[in-house]
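> All I have is the shape, not the residue letters:
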């Protein structure tokens, strides 16, 4: 064996070892489900006038619980269908990467809700915090998942910075209605678009 | 007098398909049969043959269990498999190093 072939073999080994550590379970159904829940919740919150900070925080945390539970069930169903262990090392790594930023988001929300008076109105500040935490969580998880997840994380972080600027705008652009729209768009529509993209690209990869 | 590194390469591991299986298993404590098959785009028959060869060499252990009501076959590197893989990589590195001026 010559040195070029040996170097090539070493490269193949490195690539395969990296691939073994990646989370490869199909993300399209999970992303489409969370997107659907997000859009639906955005519409409900907008038309039901979820306005106070307490109601807004509680409502969207409830939506997050539904989305996480649904994602968990979908992942579990996939692992059963594919005859794979559910709590595999890549799944564990992704969960650990998600945990810290999502815990920060949860704690900040809980403190904000607990500290708010019943009169306090919601604005886009809380969605900004959630988008930042979620973006950081996706970015961290992206190191153990396909590259697109990390890019989606950056998208959320940059958009959160953009939405943060609207806090300096006049009232109608940063009130509770705007907050619900921001949540519906970013946690709903963006996930639906990304899920649709994954749906078609994952199918192409399967067919290849 | 020591042999050329390329002549010392373990023939069991050196085959392309088996090297791929060993590489994946070296990076994870254990992987299911389906995970290995799907990651490497191999057929059931092909991967079964390679795993059997590795098992006979004592490099891979195969465990059959149940996940819910479905059967689950998982593979893992044995201690001697890990050592053989490490020494295989070592030899490849020696071959690359020798070619450097």
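Nice, thanks for sending it over. If you're wondering where the values come from, they're calculated on a predicted model, not measured in any experiment.
> mind checking pLDDT for the residue of chain A found nearest chain B?
Closest approach between chain A and chain B, counting by CB to the nearest CB: residue A:3, at 3.2 Å. Where you see a C-beta, it was placed from the backbone N, CA and C, and this is true even at glycine. Here the pLDDT value assigned to residue A:3 is 83.
> isn't it right up against residue B:94?
No - Residue A:3 lies out of contact with residue B:94 (CB atoms under 8 Å); the separation is 9.9 Å.
> Residue B:14: neighbour count?
Neighbour count for residue B:14, taken as other CB atoms under 10 Å in any protein chain shown: 15.
> Okay, now the unreliable bits of the chain?
I went with chain A, as the question did not name one. A:24, A:83-84, A:172, A:202-208 (pLDDT under 70).
> hmm, I had chain B in mind actually
Residues of chain B that meet the cut-off, pLDDT under 70, sit at B:1-2, B:67-68, B:101.
> which parts of it sit against chain A?
Proximity of chain B to chain A, by CB under 8 Å from any CB of the partner chain, involves residues B:6, B:9, B:19-20, B:23-29, B:31-35, B:38-39, B:67-68, B:70-74, B:89, B:92-93, B:95-96, B:98-100.
> Which of those fall in strands?
B:31, B:32, B:67, B:70, B:71, B:72, B:73, B:74 (DSSP state E).
> Filter those residues down to the buried ones and hand me the PyMOL line.
Only the buried entries of these go into this PyMOL selection, using 16 or more other CB atoms under 10 Å in any protein chain shown:
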select buried, chain B and resi 31+32+67+72+74
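> between the ones in strands among the residues of chain B next to chain A, which is closest to residue B:56?
residue B:73 (16.5 Å; CB to CB).
> Am I right that that closest one is in contact with residue B:62?
Yes - when contacts are counted by CB under 8 Å, residue B:73 is listed as touching residue B:62 (6.4 Å).
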